[in-house]
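*Asks:* no sequence for this one, just the structure:
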């Protein structure tokens, strides 16, 4: 019987979660280089989990606050005892992902849940930088690209 390491077991759990909640990402992840695929799986599992926590709950403000506490634990080196948080904590350290990036993403999810509207291009860009740009920058970091022009385009 083959026993997975804790890290491999967490990634397997992340992949299983994505199979149910984000099949498009799971399919696209096979196009990523193997060296990036595991980190991207952990990242997207966290993103999916955070989005679901806000979208599927009854109180977006409470879910937002709870997610910030999870980030405190992740960035404090003591992630909650679940595969997604442990896997994300590993990549946050390994790739030096600044906390501000997942925090911005979570804020964008909350904006979605509260029905915020975007009247100007500036408003729309603020939203897009949170829900898409933050993920793009985190992916660039996973690909070990840190040059300012690359991150700005991400």
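*Replies:* Received it, and whenever you're ready, just let me know what you need. This structure is a prediction, so every number in the text was calculated from the model and none was measured.
*Asks:* wait, doesn't residue 64 sit right on residue 110?
*Replies:* Yes - contact criterion CB atoms under 8 Å: residue 64 and residue 110 qualify, at 4.5 Å. For every residue, glycine as well, the C-beta is placed using N, CA and C.
*Asks:* which phi and psi does the nearest residue to residue 30 once chain neighbours are set aside have?
*Replies:* Nearest residue to residue 30 in three dimensions, chain neighbours excluded: residue 37, at 7.7 Å (CB to CB, 6 or more residues apart in numbering). Phi and psi for residue 37, reported as degrees, to the nearest 10, are phi -60, psi -50.
*Asks:* next, count neighbours for residue 37.
*Replies:* Neighbour count for residue 37, taken as other CB atoms under 10 Å: 16.
*Asks:* hang on, the earlier thing: common neighbours of residue 64 and residue 110, please.
*Replies:* Counting by CB atoms under 8 Å, 6 or more residues apart in numbering, the residues touching both residue 64 and residue 110 are residue 54.
*Asks:* mind listing what residue 111 touches?
*Replies:* Residue 111 makes contact with 127, 130 under the criterion CB under 8 Å, 6+ apart.
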